[in-house]
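[1] okay, structure incoming, though there's no sequence with it:
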């Protein structure tokens, strides 16, 4: 509907004026359209929102029509990965900012297209611009799609802390040899596999916390760089390399940690070997759990590590089978209320002669190290040179009766400043 100026006036934007008998001023004459068209526009809006017939007994129908939202709602009648909807009234063209709430007919399995009111199909993407992943569109769900001038953005998908919800377990593949971080990670082939572990972690943390697990599969290679999780909470993450031969998957921290998990997150790592660059300047730990995280490390190995192989900082680490093959500053280090513990029946193997810089086991500033009652087996403890343990500044090391020689080393352990060893 356009503006209709007073009758008999040529200016299309001319205002209406009131008549004034005292001055002889004639009032504007409203043309018929200025009365009829606004009424019809409002009536049509009421009808388009399913409130027909319009009724003079209800003077809130316009408000009710706005509340219903029906003019921006549609039911999908398309097929998998190709959605199709019709709006009432039908839009004549796609315009930037068009919003459509859609009741999905089927769940998607990957990249998806959308047609509105019979107009050409346009891609649907996450808010980071990438194609949809499987089950970003869930059958029976209502989601918001916003047109940005070229494609529809699925509102909430692909945004850290606000992604589409996981509806099942998800797999991401990483393969240094054939992968590309521009891929989507949905299969272990050149067209889909990612190249770096960090990209896989970033993709995983697009999703919010969930009861489902995202498993990152890492193909054999010795060129992977270190990775870290963000601080915000994400889904449960499982990172799996080569469980039978963890030496085939090497993750090296380049002047930083090899594997670092932070925030209120749970990550399980299996079948990899960690290392840091020799004489790295700066932090260089192997498996790091910090700021409320829970890290489970199973069937892994460590080469040379500048700092601690296992480090718990205000967080928890549970250790399974592990093999040490290189020097480190500490094998196990817990501080600032961190907790290191072991899974019952675990074996820790010293595969070759190594030296620890500070101590095999270090607990500082309220950090705790807790050996299970069944303890664990250390194979070849005589290959470790350095201090056995150090508990300082209220740090505690409990060996469940393992004694002062439980941790390996050639130098007696020490306690000071409220540190305890038992």
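    In hand now; what should we look at? This is a predicted model, so every value here is computed, not measured.

[2] in the top helix by length along the chain, which residues are buried?
    Assignment by DSSP state H gives helix 32-48 as the longest helix of the chain. Within helix 32-48, the residues that count as buried by 16 or more other Cβ atoms under 10 Å are 34, 43, 45, 46, 47, 48. No exception for glycine: its C-beta is placed from N, CA and C like everyone else's.

[3] got a pLDDT number for the residue lying closest to residue 389 once chain neighbours are set aside?
    The spatially closest residue to residue 389, leaving aside those adjacent along the chain, is residue 413, at 3.5 Å (Cβ to Cβ, 6 or more residues apart in numbering). In this model, residue 413 is scored at 98, pLDDT.

[4] over to residue 159?
    36.

[5] and the residue nearest to residue 122 when sequence neighbours are not counted, how far is that from residue 180?
    Closest residue to residue 122 apart from its sequence neighbours, by Cβ to Cβ, 6+ apart: residue 151 at 5.3 Å. From residue 151 over to residue 180 the distance is 22 Å, taken as Cβ to Cβ, to the nearest Å.

[6] lowest average confidence, helix or strand, in the chain?
    helix 61-68 (a mean of 76; mean pLDDT, DSSP states H and E).

[7] one step back: hang on, the residue nearest to residue 389 packs against residue 406?
    No: counting by Cβ atoms under 8 Å, residue 413 stays clear of residue 406, with 9.2 Å between them.

[8] anything in contact with each of these two?
    Common neighbours of residue 413 and residue 406 (criterion: Cβ atoms under 8 Å, 6 or more residues apart in numbering): residue 388.

[9] just the strands in the stretch 1-150 of the chain please.
    73-75, 82-85, 99-103, 112-116, 122-125, 142-147 (DSSP state E, counting those that start in this stretch).

[10] of the ones you listed, which is nearest residue 175?
    Checking the strands of the stretch 1-150 of the chain against residue 175 by Cβ to Cβ gives strand 122-125 as the closest, at 24.5 Å.

[11] ok, residues contacting that closest one?
    83, 94, 111-115, 131-132, 137, 145, 147, 150-154, 158.

[12] mind listing what's buried in it?
    The neighbour-count check on strand 122-125 (16+ other Cβ under 10 Å) flags 122, 124, 125 as buried.

[13] show me what the second one is bridged to.
    Beta bridges link residue 124 to residue 112, residue 152, judged by DSSP bridges.

[14] just use 19 as the starting number from now, easier for me
    Got it, first residue is 19 now, which makes that one residue 142.

[15] sounds good, over and out.
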